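In: Please find the sequence and the predicted model below.
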Amino acid sequence: MEGAFSVFPGFFEPQFLATLLVLALMALAVREDLVRNRVPNRLALAGLILGLGVMWASRGSHGLADAAAGAAVGGAVMFPFYLLRGMGAGDVKLMAAAGTFLGFKSALVAAALSLIAGGVLALGYVAWRLIEPTEPLQASAPGSASRAWRGAALLSTVRHERFPYALAIASGVVMTLWLQGSLADLATALGIG
């Protein structure tokens, strides 16, 4: 079965449209997570529905099945980290929504890259906080605390803070799009590449 988008050349090419939509979803999610410290359910749900719709329209039932599998694997990879309180439920839903646009294999890659990006971002955040201590660490005299104590106190403090994980998910998704060549195709279609 040919998809409904096959009659639209250029802008409405399925892969082009899917890349644009998932990039828009990631941008909106990162903004919301940075500003409001959460990924809204309505945003994740809209992404999920759009992803399923685009994949069904472009590749029929095979596309729909791949999109559903992408959502399942994206959410399943992130779910244990939600259970361990390493991320919020919105982050799990966001990865599932991104998985609909990517399909099973690419969603697995994106989830793995998102976890790596999350680790790198968390280490950077801890390093930044070690350099620029906050109130709890400034309570003692500057020379009285050892570096190890400061690190332990910081990890305890940071562990209870909200980390904008949508940035890590967006990084993993963008890296996956780059690896599969979708970003280069998008740039070419836009006439900038």
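Out: Sure thing, it's come through. Residues are numbered from 1 along each chain as shown.
In: Report the helix or strand with the lowest average pLDDT across this protein.
Out: The weakest-scoring helix or strand in the chain, judged by mean pLDDT, DSSP states H and E, is helix 135-138 (a mean of 49).
In: Mind telling me what element the spatially most central residue of the chain is part of?
Out: Ranked by distance to the mean C-alpha position of the chain (CA atoms, centre = their mean), the top residue is Ile169 at 1.8 Å. With elements delineated by DSSP states H and E, Ile169 resides in helix 166-179, which encompasses its position.
In: what's downstream of that helix, the next helix or strand?
Out: Next helix or strand after helix 166-179 toward the C-terminus (DSSP H and E): helix 182-190.
In: list the buried ones in that next one?
Out: Taking 16 or more other CB atoms under 10 Å as the basis for neighbour counts, the residues of helix 182-190 that come out buried are Ser182, Leu183, Asp185, Leu186, Ala189. C-beta here means a position set from N, CA and C on the backbone, and glycine is covered the same way.
In: Point out the least confident one among the residues you listed.
Out: Lowest pLDDT within the buried residues of helix 182-190 is found at Ala189 (75).
In: Point out where this protein drops to low pLDDT.
Out: Along the chain, the parts satisfying pLDDT under 70 run over 1-12, 133-161, 193.
In: can you give me the helices for it?
Out: With helices called from DSSP state H, the chain shows them at 14-36, 41-83, 89-131, 135-138, 147-159, 166-179, 182-190.
In: how many neighbours does Pro80 have?
Out: Taking other CB atoms under 10 Å as the criterion, the count of residues near Pro80 is 11.
In: Contacts only, for Leu43.
Out: Residues touching Leu43, when contacts are defined by CB atoms under 8 Å, 6 or more residues apart in numbering, comprise Leu25, Leu28, Ala29, Glu32, Leu94.
In: scratch that, Ala67 is what I was asking about
Out: Counting by CB under 8 Å, 6+ apart, Ala67 has contacts Gly51, Leu52, Val54, Met55, Trp56, Gly99, Thr100, Phe101, Gly103.
In: farthest pair in those?
Out: Within the contacts of Ala67, Trp56 and Gly99 form the most distant pair, 14.7 Å apart (CB to CB).
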